[in-house]
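>>> give me coordinates for this.
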Amino acid sequence: MIVGIGVDVVDIARFERALVRTPTLKSRLFAESEQLKAGVPMPLRSLAGRFAAKEALIKALGDSTGVSWHDMLVVSDGHGNPSFELRDSTRAIAAGRGITAIHLSMSHDAGIAVAYVVAESEIANS
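Reported below is the predicted structural model:
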């Protein structure tokens, strides 16, 4: 059963300005593993997509209280398909809300990054 849906859109140029204006922002938002792919820095459009994914996850969870940026990592499988690795507080929040599966889709084009998240539960909430 779907228990939450979230979508977020990020203007890549605006995101870049924020990163330039606040040099520590990148490390506050992303774990080192999210900033690199095979040891090479992720392109800005990919970071913007990951930020959109985290914002969309917060919306799907229904509340940002207790959520930490470093407790919701965007990871990719061997085929490049994105998903979340939830840790600590964010994993506990999802479990507390009965969420058993989270689906993530991300894209970027024409200066915009977008992410869509669907949170599911195996048990219908009454």
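>>> top helix in this protein by residue count?
Longest helix in the chain, counting residues (DSSP state H): helix 44-61.
>>> stretch 83-92: which residues count as buried?
For stretch 83-92, burial by neighbour count (16 or more other CB atoms under 10 Å) applies to 84, 86, 90. (Each C-beta comes from the backbone N, C-alpha and C, glycine too.)
>>> and that stretch, how far from the chain's centre?
10 Å (CA atoms, centre = their mean, to the nearest Å).
>>> what sits closest to the spatially most central residue of the chain if chain neighbours are left out?
For the chain, the residue lying nearest the average C-alpha position, counting by CA atoms, centre = their mean, turns out to be residue 54 (2.5 Å). Taking CB to CB, 6 or more residues apart in numbering as the measure, residue 54 lies nearest to residue 72, with 5.5 Å between them; neighbours along the chain are not counted.
>>> specify the beta-bridge partners of that neighbour.
Here residue 72 shows beta-bridge partners residue 86, assigned using DSSP bridges.
>>> now stretch 34-53: buried residues?
Of the residues in stretch 34-53, those buried under the neighbour-count criterion (16+ other CB under 10 Å) are 34, 35, 42, 45, 46, 47, 48, 49, 50, 51, 52, 53.
>>> quick revisit: let me see the mean pLDDT of the longest helix of the chain.
Here helix 44-61 scores 97 as its mean pLDDT.
>>> out of the helices and strands in the chain, which is least certain?
strand 36-37 (a mean of 87; mean pLDDT, DSSP states H and E).
>>> tell me the strands beside the helix or strand following that one, with direction?
For strand 36-37, the succeeding helix or strand toward the C-terminus, using DSSP states H and E, is strand 40-41. Within its sheet, strand 40-41 is paired with strand 36-37 (antiparallel), according to DSSP bridges.
>>> from the buried residues of stretch 34-53, pick the one nearest residue 94.
Distances from those to residue 94 were compared by CB to CB; the smallest belongs to residue 53, at 14.4 Å.
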